[in-house]
Structure formats: C-alpha cells, structure tokens
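A.B. asks: got a predicted model here, sequence first, then my questions.
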Amino acid sequence: MNLIISGTNRERSNSLKIAQYYQQELERKGESWGILSLTDLPPEINSTDLYGKRSQLFEPIQAAVSDAQKFIFIIPEYNGSFPGILKVFIDACAFPASFHHKKAALVGLSSGKYGNIRGVDHFTGVCNYLRMHVLPLKIHLAKIQDELSTDGQLKEELTSNFVHEQIEEIIRF
Ligand SMILES: Cc1cc2nc3c(=O)[nH]c(=O)nc-3n(C[C@H](O)[C@H](O)[C@H](O)COP(=O)(O)O)c2cc1C
C-alpha cells in the first residue's frame with residue numbers, strides 16, 4: 001500500500017491533519033493509501049534503529065515502507081527546514097531499497113507565510129540523493145491555522161483546488 005508520511009512526531013500536529021485530508025481525498029477517488037505518522041516511531045529510535053540496529057517496534061514500519069511504491073511526504077516547517085525526526089526516520093530505514101527509484105510527492109506547511117518552501121527544497125535534495133522521482137508539482141500550505149477547519153477540512157477553495165490538482169497528478173504519477 002502506498003504511504004502518506006506525516007513528517008513530525010509532534011502530538012496533535014497539523015501535519016497529521018493534512019495527511020488525513022489527503023487520505024480522505026484519495027479515498028474519494030478510489031485510491032487506498034496508508035498513513036505513517038512519525039508519532040509511531042519507536043520512542044528510543046536513536047539508540048534502537050540507527051547504524052545497523054533494528055528493533056521489533058520498527059519492523060512493521062520498515063515493512064510498510066518496503067511495500068510502498070509511492071509516498072506523499074507532509075513536511076512541516078521547523079526552524080526554516082524539515083524536522084530532524086524526518087531525517088532520523090529516513091536514516092533508520094533500510095538503504096538503499098526503501099526509497100530507491102520510488103516516487104515522492106511533497107507538501108510543505110507552516111504557521112508562517114512561506115509554507116516551508118525552503119524545507120521542501122532541502123527535502124527534495126534528500127529524495128534526489130535516494131534516487132527518488134519527485135513530482136514537480138509541490139504544495140505549500142502557509143498560515144496553516146487559517147487554512148484548516150476544526151473538522152480537518154481545507155477552508156480556502158484556491159488551496160483545495162491546488163491540492164486536488166496535485167492529488168490527480170499523484171494518481172497518474
Ligand atoms: C520546532 C518548531 C520549529 C518551527 N519553526 C517554524 C519556522 O521556522 N517557520 C514557521 O513558519 N513555522 C515554524 N513552526 C511552526 C510550524 O510551522 C507549525 O507548528 C505548523 O502547524 C506545522 O507543524 P505541525 O505539523 O507540527 O503542526 C515551528 C514549530 C516547531 C514545533
């Protein structure tokens with residue numbers, strides 16, 4: 001099953017709400033995608049799953065990553081880039097098979113006004129190193145607190161139109 005990665009382990013994150021929104025909209029178009037939230041990573045990942053180590057907690061996560069052929073990364077802006085935990089996750093996954101020649105679509109979000117343009121660019125570099133094919137249409141959700149309704153929907157029509165355009169491209173990708 002293809003995977004939407006919610007790129008933070010922050011509890012009650014907007015990234016997870018956006019991941020759920022993408023999953024819901026993909027479902028409406030007949031596509032069944034899983035969500036991997038980085039809140040589900042092993043709490044001691046730094047000591048249990050880096051540099052050749054593998055914990056039982058990470059095994060189902062690795063299996064889901066290995067199975068997926070396409071990924072949507074939801075990437076919040078933390079200090080002008082993507083979150084460190086997202087890089088830890090990538091570093092913990094088996095290399096190179098986890099992501100090699102697979103496909104990625106990228107979505108940035110922030111409470112500020114740039115929607116993580118820089119962090120999505122940084123993460124594009126990581127994807128390219130991993131030899132992933134990155135969908136050229138990237139989405140940047142700025143001022144995310146103004147975009148999301150209390151029930152997790154996108155309030156602005158212009159924004160949801162862009163997101164739907166990207167989803168159509170992800171399906172065809
Ligand atoms: C550690 C940290 C650093 C952040 N740095 C920025 C930043 O550089 N620019 C910005 O616009 N928002 C920043 N934010 C706010 C996030 O963009 C905001 O929390 C947003 O909701 C997306 O992240 P979330 O998925 O954690 O909710 C930061 C948040 C955290 C927790």
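C.D. replies: Happy to help now that I have it.
A.B. asks: now do stretch 80-89: everything it contacts.
C.D. replies: Under the contact criterion CB atoms under 8 Å, 6 or more residues apart in numbering, stretch 80-89 has outside partners 5, 7-9, 38, 41, 45-46, 50, 73, 75-76, 78, 116, 118-120, 122-123, 126. (C-beta placed from N, C-alpha, C; glycine too.)
A.B. asks: low-confidence stretches in the protein?
C.D. replies: For the chain, not a single residue meets the criterion pLDDT under 70.
A.B. asks: tell me where it has strands.
C.D. replies: For the chain, the strands defined by DSSP state E occupy 3-6, 34-37, 70-76, 103-109, 133-134, 139-141.
A.B. asks: so which of those comes closest to Glu59?
C.D. replies: strand 34-37 (13.4 Å; CB to CB).
A.B. asks: name the residues that touch the closest one?
C.D. replies: Counting by CB under 8 Å, 6+ apart, 1-6, 9, 16, 19-20, 23, 61, 64-65, 68 sit against strand 34-37.
A.B. asks: filter the residues you listed down to just the ones in helices.
C.D. replies: 16, 19-20, 23, 61, 64-65 (DSSP state H).
A.B. asks: between those, which has the most around it?
C.D. replies: Ala19 (25 neighbours; other CB atoms under 10 Å).
A.B. asks: contact partners for the residue of the chain found nearest the ligand?
C.D. replies: With CB to the nearest ligand atom, the shortest gap between the chain and the ligand falls at Gly112, namely 2.4 Å. Contacts for Gly112 were tallied using CB under 8 Å, 6+ apart; they are 77, 142-143.
A.B. asks: ok, and the most crowded of these?
C.D. replies: Glu77 leads the contacts of Gly112 on contacts (other CB under 10 Å) with 24 neighbours.
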